[in-house]
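# need a 3D model of the sequence below.
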Amino acid sequence: MPHLRRRARIFVVDDEHLIASTTALILSHYGFDAVFFTSPLDALLAARLDAPDLLVSDIVMPQISGILLAIRMQACCPGCRVLLFSGQWVRSSKLAHFAHLNWPTCTSPDVRIRGWTGGIRWNYLK
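Down below sits the predicted model:
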């Protein structure tokens, strides 16, 4: 019997429906099990039932920030990787409050990063 590999489960969270749904659709097209949420609190509830491998989240949202969502997500799902993004300028001082988490960051729009996130290959292009 052939070994079946589970597709990586990705939670996409953005309070803007079009951004969340389109991002999840694109990731699904590339073979990921992508689910979108417009509420970070709904994403946390869903994670307790079926933990994601990766959280892709906006930073600036009305209920809780993507940063707080990431902290809570990693508390309930320790194996979950996190990719935060924002279409809004986020103050460095806001991010500095979370420096103790030792998360890698890239805040320059001119940077091209190529890397690996767990077993998931990503190309970050800005």
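# tell me which helix or strand of this structure sits lowest on mean pLDDT?
Ranking every helix and strand in the chain by mean pLDDT, DSSP states H and E puts strand 112-117 at the bottom, with a mean of 36.
# Gly79 reaches Leu54, doesn't it?
No - using CB atoms under 8 Å, Gly79 makes no contact with Leu54, being 9.9 Å away. Just so you know, the C-beta spots here come from the backbone N, C-alpha and C atoms, and that holds for glycine as well.
# against which helices or strands is the lengthiest helix in the chain packed?
Longest among the helix segments of the chain by residue count, using DSSP state H, is helix 17-29. When contacts are defined as 3 or more CB pairs under 8 Å, 6 or more residues apart in numbering; DSSP states H and E, helix 17-29 packs onto strand 9-13, strand 33-37, strand 54-58.
# which elements pack onto whichever helix or strand comes after the second one?
The reference is to strand 33-37. Remark: after strand 33-37, the chain's next helix or strand is helix 40-49, criterion DSSP states H and E. Judged by 3+ CB pairs under 8 Å, 6+ apart, the packing partners of helix 40-49 are strand 9-13, strand 33-37, strand 54-58, helix 66-76.
# so Ala34 makes contact with Leu27?
Yes - contact criterion CB under 8 Å: Ala34 and Leu27 qualify, at 3.8 Å.
# common neighbours of those two, please.
Counting by CB atoms under 8 Å, 6 or more residues apart in numbering, the residues touching both Ala34 and Leu27 are 10, 12.
# who has more neighbours, those two?
Neighbour count, other CB atoms under 10 Å: between Ala34 and Leu27, Ala34 has more, with 24 against 20.
# got the contact list for that one?
By CB under 8 Å, 6+ apart, the contact set of Ala34 is 9-12, 23-25, 27-28.
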